[in-house]
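Peer 1: for reference, the sequence and a predicted model appear below.
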Amino acid sequence: MTHKAILIAGPTASGKSAAALALAQRLTGTVINADSMQLYSELRVLSARPSEADEAIAPHRLYGIVAASEAFSVGRWLESAEAAIAEAREEGRVPILVGGTGLYFKALLEGLAPVPDIPAEVRAHWRERSEQLGAAALHQELRARDPAMAAKLRRSDPQRIVRALEVIDATGVSLAEWQGAAASPVLEPHEVIRLVVAPEREPLYAAIDARFDGMIAAGAIEEVEALLALGLDEGLPAMRAHGMRELAAYLAGTIGLEEAVAKAKTESRRYAKRQMTWARRYMADWVWFPDAAAAAASIMDVVPRKRDPRSSATPTTP
């Protein structure tokens, strides 16, 4: 491998993790997580994290590394990913980054604007204001204080509106200016192989439905119940995992299990659609494949088979 890393993106349930594992076997690679939900330790089932059997085949990094009680920012992921990439390369392994969080890949290749830490009291103030006023009223306030940033944000996007207000309040500088600051990427596009696994809609939606059924069988309801028992803030990222809200409603007795599952599948399909929209916009110059097997084979056909000296597993093609 003359490239520094392989990046594999794609919508949920596209099979990209299987492609990453197959490549890790062939290329003596380390699989590095680029999915925002698979970071959380309490979400093994609901986030479809790699199984223990998969993790035994090749090293996996950045999976289940943070508690659900924390909000793991893009900046923290970028620092962790840079360290994981360096570790893999020092060990003579190929870093293979895989996930469905497009912003992570964008930050990896373009850098991240150096927005300073916001004091806790400022964050608490604006979160409270958000609960009291709602997104539309907050957007009006942002428009008065930071019209440049307000023009970029939808009135129905409270999370980003609150973030913009936090930054202007704490620093006196628009988030738009911070985001326009120069930042060094961790990897340059020409240094990496960039793949998008993008199945056709019908097989993708069928895979999403089948996987959620598998999650239920694997203990997703119990996982949600355990997470709810922690009494965490509903605004935390882990509490917004796909299927979390619907299964929580089932556990509360407000809807039946069949309805909860159907709603969760629908929301997952909508998320996959948003992921594809992002990919078409920001990953148009990546190499696209209709399925995971084709993505893995595209590299396997030209790279000699290399056995992992640390593993007894025999490399296989998908």
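Peer 2: Right, received. Where do you want to start? The structure presented is a predicted model; accordingly, all values stated were derived computationally and were not measured.

Peer 1: from here on, contacts and neighbour counts on C-alpha atoms
Peer 2: Noted.

Peer 1: so where's the chain uncertain?
Peer 2: Where the chain drops to pLDDT under 70, the residues are 1, 181-183, 300-318.

Peer 1: max-length helix in it?
Peer 2: helix 257-282 (DSSP state H).

Peer 1: so after that helix, what's the next helix or strand?
Peer 2: Counting by DSSP states H and E, the next helix or strand C-terminal to helix 257-282 is strand 287-289.

Peer 1: and the helices in the protein?
Peer 2: Under DSSP H, the chain gives helices at 16-27, 52-57, 74-90, 102-110, 120-133, 135-145, 147-150, 158-171, 175-179, 201-218, 220-228, 244-252, 257-282, 292-300.

Peer 1: so for the longest helix of the chain, what gets flagged as buried?
Peer 2: 257, 260-261, 263-266, 268-269, 272-273, 275-276, 278-279 (16 or more other Cα atoms under 10 Å).

Peer 1: ok, now stretch 45-58?
Peer 2: Buried-residue list, stretch 45-58, by 16+ other Cα under 10 Å: Val45, Leu46, Ser47, Ala48, Arg49, Pro50, Glu55, Ile57, Ala58.

Peer 1: in contact with the third one, which residues?
Peer 2: Yep, that's Ser47 we're talking about. Met37, Gln38, Ala241, His242 (Cα atoms under 8 Å, 6 or more residues apart in numbering).

Peer 1: what's the distance between it and Ala241?
Peer 2: To Ala241, Ser47 is 7 Å away according to Cα to Cα, to the nearest Å.

Peer 1: identify the contacts common to those two.
Peer 2: Met37.

Peer 1: next, the contact list for Met215, please.
Peer 2: Residues counted as contacts of Met215 (Cα under 8 Å, 6+ apart) are Val45, Leu46, Ala48.

Peer 1: hmm, back to that, TSV for the buried residues of stretch 45-58, including distance to Thr101?
Peer 2: Formatted as TSV, the buried residues of stretch 45-58 follow (distance: Cα to Cα, whole Å):
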residue	distance to Thr101
Val45	18
Leu46	16
Ser47	12
Ala48	14
Arg49	14
Pro50	16
Glu55	21
Ile57	24
Ala58	22
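
Peer 1: of those residues, closest to Lys152?
Peer 2: Ser47 (30.3 Å; Cα to Cα).

Peer 1: excluding its backbone neighbours, what's nearest the most centrally placed residue in the chain?
Peer 2: With distances taken as Cα atoms, centre = their mean, Asp35 lies nearest the centre of the chain, 2.5 Å away. Take Asp35 and drop its neighbours on the chain: the residue closest to it by Cα to Cα, 6 or more residues apart in numbering is Gly99, 4.5 Å away.

Peer 1: swap in Asp169?
Peer 2: That would be Val122: by Cα to Cα, 6+ apart, it lies 7.5 Å from Asp169.

Peer 1: hmm, back to that, quick one, what contacts the residue nearest to Asp35?
Peer 2: Gly99 sits next to Ile8, Ala9, Gly10, Lys16, Ser17, Asn33, Ala34, Asp35 when contact means Cα under 8 Å, 6+ apart.

Peer 1: repeat that for Ala24.
Peer 2: Ala24 touches Thr30, Val31, Ala58, Val94, Ile96, counting by Cα under 8 Å, 6+ apart.

Peer 1: can you tell me which of the residues you listed are in strands?
Peer 2: Thr30, Val31, Val94, Ile96 (DSSP state E).

Peer 1: just to revisit the earlier point, so which of the contacts of Met215 sit within strands?
Peer 2: Per DSSP E, the subset of these in strands is empty.

Peer 1: now those residues as TSV including distance to Pro185?
Peer 2: Shown next, in TSV, are those (distance: Cα to Cα, whole Å):
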residue	distance to Pro185
Val45	32
Leu46	31
Ala48	28
